[in-house]
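Colleague: Next come a sequence and a model predicted from it.
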Amino acid sequence: MGNHGSNLDDILAEDMHHWYNKFMKESPSGLITLFELKGILDLKGINEDANSYVEQVFFTFDMDGDGYIDFVEYIAAISLMLKGEINQKLKWYFKLFDQDGNGKIDKDELETIFTAIQDITRNREIDPEKIVALIFERIDKGEGEMTLEEFIDGAKEHPDIMETLKNMMDLTPVLEIIVMGRQQSLKD
């Protein structure tokens, strides 16, 4: 995470009033819709997989399912991504990966998400197809899909996979855009 982590750690240390002002500046209504999130992130011209991923992130952060991200959900999401315990993060990753909501993830779902993340973050250091093959080779028990327990246990057993997941799922650039606004992020 490098420099990004310290910036966001500093931001998290700010008082709630300051956080609230930043949130209200981005969304004066006090609620962020999916459309507004895409506008904040300036996501024009992204492919369909990346668009689906943004939607999946939004609905994961919309904890009460009302179609909006409110201030509490906003703070909870950012805190989870930066400070959450490993089990919490792995559960959140799994929920993102499980696009069809069947309680299992397969190679296609995982590869689609990784490719979409790369389209959004423009970080193409890791080949999604290779990492998905490695994850399934080491973690999957042969069914071609993984349950939540399989995924968590397997990730914990393999520190290299855990590190790769952290790197692939590093949403720091996205969080910085949300927190600081697109203009500030582009200046850095």
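Modeller: Ah, there it is.
Colleague: Quick one, grab the pLDDT at the residue lying farthest from the centre of the chain.
Modeller: Distance from the centre of the chain peaks at Gly142, with 27.2 Å (C-alpha atoms, centre = their mean). Gly142 is assigned 82 on the pLDDT scale.
Colleague: For Phe23, see how far away Asn87 is.
Modeller: The gap separating Asn87 from Phe23 is 27 Å, by C-beta to C-beta, to the nearest Å. C-beta: built from backbone N, CA, C; applies to glycine.
Colleague: When those two are compared, which one has more neighbours?
Modeller: More crowded of Asn87 and Phe23, by other C-beta atoms under 10 Å: Phe23, with 20 against 11.
Colleague: can you give me the mean pLDDT across the helix or strand encompassing Lys22?
Modeller: Lys22 is part of helix 16-26 when elements are defined by DSSP states H and E. Throughout helix 16-26, pLDDT has a mean value of 72.
Colleague: Run through the residues that contact Lys91.
Modeller: Neighbouring residues of Lys91 by C-beta atoms under 8 Å, 6 or more residues apart in numbering: Leu148, Ile152.
Colleague: Just confirm it is within a strand.
Modeller: No: under DSSP: H, G, I helix; E, B strand; the rest coil, Lys91 falls outside any strand and is assigned helix.
Colleague: quick one: it from Asn21, how far?
Modeller: Look at Lys91 and Asn21: by C-beta to C-beta, they are 31 Å apart.
Colleague: Could you do Gly67 as well?
Modeller: Note on Gly67: its distance to Asn21, by C-beta to C-beta, is 24 Å.
Colleague: mind checking the SS state of the residue nearest to Ile139 when sequence neighbours are not counted?
Modeller: Leaving aside its sequence neighbours, Ile139 sits nearest to Gly154 (C-beta to C-beta, 6 or more residues apart in numbering; 3.0 Å). Under the three-state scheme (three-state DSSP), Gly154 adopts helix.
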